[in-house]
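A.B. asks: here's a sequence, model it:
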Amino acid sequence: MSRLGSARRPAAPVDHPGAASRRRTGSRRALRLAAWFGSWRAALRIARREARRARGRTALVLAMIMLPVLALTFVAVSYDMARLTRAEELDRRLGVADADLRAITDRPIRQDAWGSGPWSVDEGTVRMVPPGTVEEITALLPPGSRAVPVHRWVPFEVRRGDRDQTIAARALDLADPLARAHARLLSGRAPAGADEIAVSRAALSDLPTRVGDRVTVADGSRSYRVVGVVEFPDDLGVVVALHPSAVGRTQPSGDAGWLVDLPGGVDDDLVRRLNAHGVLVAARAPVPGAPLPRADTGADATDWGNGVLVGGLGLLEVVLLVGPAFAVGVRRRRRDLALVAVAGGDAAQLRRVVLADGVVLGALGAAAGLALGVAAAFAGRPLVEQYLMNSRFGGYRCFPAALATIALVAVVAGVLAALAPAWTAARHDVVAGLAGRRSAPPHRRRWLLIGVVLTLAGTGLATFGAARTNPTWVLAGLVLGELGLVFVTPALLGVLARAGRLLPLAPRIALRDASRNRSSAAPAISAVMAAVAGSVAIGVYLAGGAEREAGRYRPALPPGHVLVTRTDGNGTGPLPQLSLVAELARTQLPGGRPAPLAYPACATGDGNCDVSASLPPGRACPYDLGPPLSRAEQRAALADPRCDRSDGYYSGPSVGMAVVDDGSALPGLTGAGAEAAAAATAVLRAGGVVVDDPRRVVDGRVTLRVNRTDDRPEPVATTTTTVPGYALTDGIRADRLILSPAAAARVGLVGRQLGWVVATDRTPNRGEQDRFTRALREHLRISVEVERGPSEQDRSPQLLLLALAAGVVTVGASAIATGLAAAEGRADLSTLAAVGAGPGVRRLLSLCQAGVIAGTGSVLGIAAGLGTAVIILTAVNRRYAESWPVEPPYPLVVPASVAAVVVVVPVVAMLGAGLFTRSRLPVERRLD
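C.D. replies: The predicted model follows:
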């Protein structure tokens with residue numbers, strides 16, 4: 001019998017033995033993931049509510065996170081706006097022109113595709129005359145081309161009081177469309193002739209002048225009428241715009257060239273033809289067939305590693321400053337956290353509640369800092385362009401990648417700052433928390449052990465990096481060492497608290513509170529230590545660098561002596577009488593005694609002659625300074641006594657390496673004693689020469705070598721002869737050759753007087769120098785230079801800024817820690833008031849609490865900073881000791897700012913805490 005409507009059902013699938021287990025595992029993972037998200041959601045809601053309730057602490061944390069974010073955002077956005085894209089660079093360089101041509105050499109060149117520079121120059125070819133006029137460059141271009149000369153830098157000297165000052169000038173036709181895009185005419189009109197100029201806004205006040213006035217050059221030979229105010233986007237400083245007719249032929253230089261309008265594009269044949277004449281070509285598109293420029297390898301792995309380590313130090317500083325606020329927040333919420341534990345929350349959930357505070361406040365601080373930083377960068381762009389970058393930016397940009405990184409770092413800083421308090425909250429006694437009693441968690445010795453290990457490891461790594469001259473390893477070791485000191489600080493507080501039993505009441509309570517509340521006191525001390533250590537290390541490095549630079553200086557004249565040089569063109573006109581110069585020097589300078597100063601010149605009157613004293617082959621160092629030496633060659637050069645060479649530099653008056661003198665100028669040039677000067681003068685009057693290098697004198701004679709050149713760069717004649725010589729080792733060592741008139745005549749030279757050297761009893765001050773210059777300029781256009789010794793680079797602003805930064809961090813960290821300790825210690829203050837303590841006790845207690853934070857942090861910072869400086873200087877000096885030519889090492893110089901950090905800053909922090917603390921002691925009910 002058949003069944004109507006019946007159908008065969010498919011067989012039910014049979015599970016694999018492991019399928020059910022996998023489904024159960026997946027379900028459990030989904031449940032755990034949902035519980036994890038739910039726990040974080042609840043923690044974030046609690047953190048948001050707590051941020052609204054504790055508005056003072058929230059504002060404090062937000063400010064400390066927001067300020068560095070704001071500063072970094074401002075720098076990042078400003079940097080991105082200031083960094084021109086390739087299109088913006090080409091627009092600024094070319095304007096509406098098709099190409100920019102620059103005659104840079106008198107030999108054929110090869111260039112890259114963008115015309116950023118020659119990448120190969122054939123030195124073996126014969127030199128030629130490069131194009132220097134519009135007609136010559138147009139002859140190399142296709143028919144129908146047009147070229148406009150542009151000189152991007154022209155010397156322009158003006159008289160400023162008693163001194164000549166050279167300011168930047170540019171020569172271009174601002175009325176021509178090809179050159180008009182290079183500048184913006186603000187007022188007036190463009191210069192139309194050789195006697196007209198336009199000036200920048202800065203030049204209006206610096207010269208000073210205004211439209212319609214005349215500006216006279218330093219020598220008074222010509223003047224220009226100011227016809228307009230102009231602005232160059234790449235230079236907002238003092239700039240003068242000249243007409244091209246005021247400048248002569250274009251010389252091979254990267255500052256002069258032509259903007260050209262071509263009937264067609266820039267092709268490979270045109271580029272090769274121009275390169276063959278030493279002309280560099282830059283166009284809007286890459287030159288066909290030319291190689292692309294090499295990628296910039298400056299930002300290599302070492303630079304990135306150093307940047308990451310320095311950024312890590314800054315992040316650690318923010319974490320240490322924010323950490324005490326989170327620690328106090330955890331103690332004030334210990335009852336709420338205990339209720340979470342009673343409701344079933346485990347240690348992980350308690351940690352999430354505290355970490356959520358860091359996430360919420362870090363995100364809020366990042367958002368506020370980014371918004372304010374971008375707004376400040378946009379609003380302050382004109383000021384940054386004018387007073388900091390001195391050029392116009394390319395456009396409004398925000399650098400999204402950098403902003404995202406900064407926001408992420410801010411959130412990470414908030415989480416890291418809340419990390420230690422989160423671990424502390426998970427170990428609190430639940431019963432004590434419900435009762436409102438304070439129960440500090442036990443301090444485990446493992447943190448002390450970790451700190452000691454990190455400190456020793458960091459010191460060893462930095463020392464190893466110093467031995468290998470690897471800056472990344474040195475910096476990594478310093479970061480590890482500083483992190484180790486952070487872990488050691490809580491144990492140090494415990495030692496200080498036990499030693500404080502012998503102190504009076506207020507400092508004893510301050511040390512006890514710091515030891516009991518190590519979770520808030522230790523980060524504050526560590527923040528002070530980090531700031532002071534960085535300030536001391538950089539200050540010692542800068543002070544050692546200044547001392548090293550002073551040691552490298554080689555004077556050109558004895559200290560205080562004066563060089564007077566004529567500056568009136570070719571120097572063929574008559575000079576004032578020596579008696580007149582002597583009278584002016586005697587009345588205007590301290591004990592001025594002038595002597596004529598002559599320089600060697602070709603006796604025939606044409607061409608140029610260069611004279612030098614040759615080193616005998618057996619006495620010259622066999623290792624050349626030009627190509628780099630291998631390590632073995634450097635060691636051999638260091639061991640060779642003929643290569644005893646220190647890398648000093650000559651500065652001060654430009655005296656020259658060879659002079660012609662009969663002995664009258666020798667004392668003023670060398671500063672030698674009477675006996676040595678008399679012996680050297682006798683050799684000069686006998687027809688010899690004087691040198692200051694004994695190696696150049698062989699058996700009382702010196703070999704002179706004279707190279708004569710004409711319009712061609714190669715020497716056309718070389719003369720070598722031997723004359724009597726004397727090695728003057730007394731006085732200064734300026735590597736100078738002094739020829740007698742007779743010795744100069746033997747090699748075809750004659751002395752041409754171009755000035756005077758004036759010996760003085762002491763260094764003239766600026767007023768005396770200006771008066772002497774003013775009096776002598778009534779008779780001749782001259783330049784007056786005084787040998788004042790090494791230019792003392794004023795490091796005081798940098799050292800003061802470092803000390804100020806360390807002081808701000810020290811005072812700020814002390815104020816934060818002291819305020820939080822006062823908020824936590826209200827119960828103890830009530831007890832003090834109940835037992836009869838006076839109102840001044842609270843001020844004294846706050847003063848001592850600030851002293852513990854600032855003093856301990858400063859002392860640790862000084863020790864860490866000096867250790868850091870010693871390691872850094874050792875690394876640098878080791879590298880110098882193994883290189884040739886030998887360079888002087890960095891000395892260890894401790895600047896005065898270190899003493900200020902040790903003494904003044906903690907005192908200021910203590911006085912501030914005592915001044916701004918309310919002295920009225922509250923009487924409150926205590927539960928514990």
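A.B. asks: for the rest of this, base every contact and every neighbour count on C-alpha atoms.
C.D. replies: OK.
A.B. asks: tell me the domain ranges of the protein?
C.D. replies: Per automatic domain parsing, the domain ranges recorded for the chain read 39-98+320-442, 99-283, 444-553+792-928, 557-619+638-786.
A.B. asks: chain center to the third one, what's the gap?
C.D. replies: For domain 444-553+792-928, the distance between its averaged C-alpha position and the chain's averaged C-alpha position is 25 Å (Cα atoms, centre = their mean, to the nearest Å).
A.B. asks: just checking, residue 80 touches residue 402?
C.D. replies: No. Applying Cα atoms under 8 Å as the test, residue 80 and residue 402 come out as separate, 9.4 Å apart.
A.B. asks: residue 470 versus residue 54, what's the distance?
C.D. replies: Taking Cα to Cα, to the nearest Å as the measure, residue 54 falls 48 Å from residue 470.
A.B. asks: do residue 344 as well
C.D. replies: Taking Cα to Cα, one finds residue 344 at 53 Å from residue 470.
A.B. asks: neighbour count: the two, which is higher?
C.D. replies: More crowded of residue 344 and residue 470, by other Cα atoms under 10 Å: residue 470, with 17 against 9.
A.B. asks: mind listing what's buried in the stretch of helix or strand residue 79 belongs to?
C.D. replies: Remark: residue 79 resides in helix 55-82, with elements defined by DSSP states H and E. For helix 55-82, burial by neighbour count (16 or more other Cα atoms under 10 Å) applies to 57-59, 61-74, 76-82.
A.B. asks: can I get the domains of the chain in JSON lines with mean pLDDT and distance to residue 32?
C.D. replies: Listed next are the domains of the chain as JSON lines, based on pLDDT from 0 to 100; distance: least, Cα to Cα, whole Å:
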{"stretch": "domain 39-98+320-442", "mean pLDDT": "82", "distance to residue 32": "10"}
{"stretch": "domain 99-283", "mean pLDDT": "84", "distance to residue 32": "59"}
{"stretch": "domain 444-553+792-928", "mean pLDDT": "75", "distance to residue 32": "32"}
{"stretch": "domain 557-619+638-786", "mean pLDDT": "84", "distance to residue 32": "69"}
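A.B. asks: make TSV from the ones you listed and add distance to residue 27 to it.
C.D. replies: Formatted as TSV, those follow (distance: least, Cα to Cα, whole Å):
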stretch	distance to residue 27
domain 39-98+320-442	18
domain 99-283	61
domain 444-553+792-928	39
domain 557-619+638-786	74
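A.B. asks: going on from the helix holding residue 79, what's the next piece of helix or strand?
C.D. replies: Next helix or strand after helix 55-82 toward the C-terminus (DSSP H and E): helix 86-94.
A.B. asks: contact partners of that following helix?
C.D. replies: Here helix 86-94 makes contact (Cα atoms under 8 Å, 6 or more residues apart in numbering) with 100, 181-182, 233, 259, 283-284, 394.
A.B. asks: do the same with stretch 497-504
C.D. replies: Stretch 497-504 is contacted by residues 507-508, 511-512, 514-515 when judged by Cα under 8 Å, 6+ apart.
A.B. asks: got a quick PyMOL command for the buried subset of these?
C.D. replies: A single PyMOL command is used to select the members of the contacts of stretch 497-504 judged buried by 16+ other Cα under 10 Å:
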select buried, resi 507+508+511+512+514+515
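A.B. asks: nearest to residue 779 among the contacts of stretch 497-504?
C.D. replies: Residue 779 lies nearest to residue 507 out of the contacts of stretch 497-504, by Cα to Cα, at 75.2 Å.
A.B. asks: check contacts around that closest one.
C.D. replies: For residue 507, the contact set (Cα under 8 Å, 6+ apart) comprises 500, 845, 848-849.
A.B. asks: now for those residues: which two are most distant?
C.D. replies: Pairwise distances across these (Cα to Cα) peak at 13.9 Å, for the pair 500 and 845.
A.B. asks: more neighbours: those two, which one.
C.D. replies: A direct count of neighbours by other Cα under 10 Å for residue 500 and residue 845 places residue 845 higher, at 23 against 17.
A.B. asks: and the helix holding residue 79, what does it pack against?
C.D. replies: In this structure, helix 55-82 packs against helix 19-53, helix 301-332, helix 347-379, helix 400-426, with contacts taken as 3 or more Cα pairs under 8 Å, 6 or more residues apart in numbering; DSSP states H and E.
A.B. asks: mind running it again at 6 Å?
C.D. replies: If you count contacts as 3 or more Cα pairs under 6 Å, 6 or more residues apart in numbering; DSSP states H and E, helix 55-82 packs onto helix 347-379.
A.B. asks: list the buried residues of the helix it packs on.
C.D. replies: Residues 347, 349-370, 372-378 are the ones in helix 347-379 that count as buried (16+ other Cα under 10 Å).
A.B. asks: give the next helix or strand downstream of it.
C.D. replies: Using DSSP H and E, the helix or strand that follows helix 347-379 towards the C-terminus is helix 381-384.
A.B. asks: mind listing what's buried along that next one?
C.D. replies: Across helix 381-384, burial judged by 16+ other Cα under 10 Å covers 381-382, 384.
A.B. asks: then stretch 755-762?
C.D. replies: Buried-residue list, stretch 755-762, by 16+ other Cα under 10 Å: 755-760.
A.B. asks: so what touches it?
C.D. replies: 560-566, 590-597, 668 (Cα atoms under 6 Å, 6 or more residues apart in numbering).
A.B. asks: keep only those of the residues you listed that are in helices.
C.D. replies: Of the positions in the contacts of stretch 755-762, residue 668 sit in helices, assigned by DSSP state H.
A.B. asks: tell me which of the contacts of stretch 755-762 fall in strands.
C.D. replies: Members of those lying in strands (criterion: DSSP state E): 562-566, 593-597.
A.B. asks: quick check: the farthest pair among those?
C.D. replies: Of all pairs drawn from the ones in strands among the contacts of stretch 755-762, the one with the longest distance (Cα to Cα) is 566 and 593, at 17.9 Å.
A.B. asks: closest to residue 770 among the contacts of helix 86-94?
C.D. replies: residue 233 (36.2 Å).
A.B. asks: can you give me the neighbour number for the closest one?
C.D. replies: Residue 233 has 17 neighbouring residues, counting by other Cα under 10 Å.
A.B. asks: the residue nearest to residue 391 when sequence neighbours are not counted: neighbour count?
C.D. replies: Using Cα to Cα, 6 or more residues apart in numbering and skipping residues adjacent in sequence, the residue nearest residue 391 is residue 234, 4.6 Å away. The local packing of residue 234 (other Cα under 10 Å) involves 16 other residues.
A.B. asks: pretty sure residue 234 contacts residue 393?
C.D. replies: No. Contact criterion Cα atoms under 6 Å: residue 234 and residue 393 do not qualify, at 8.7 Å.
A.B. asks: show me what the longest helix anywhere in the chain is packed up against.
C.D. replies: Criterion DSSP H: the longest helix present in the chain is helix 840-881. Judged by 3+ Cα pairs under 6 Å, 6+ apart, the packing partners of helix 840-881 are helix 505-516, helix 518-552, helix 796-824, helix 905-916.
A.B. asks: now, the buried residues of stretch 755-762 that are in strands?
C.D. replies: Using DSSP E, the members of the buried residues of stretch 755-762 that fall within strands are 755-759.
A.B. asks: ok, back up a step: export the helices and strands packed on helix 840-881 as a markdown table, with columns for distance to residue 835.
C.D. replies: Formatted as a markdown table, the helices and strands packed on helix 840-881 follow (distance: least, Cα to Cα, whole Å):
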| stretch | distance to residue 835 |
| --- | --- |
| helix 505-516 | 13 |
| helix 518-552 | 27 |
| helix 796-824 | 19 |
| helix 905-916 | 22 |
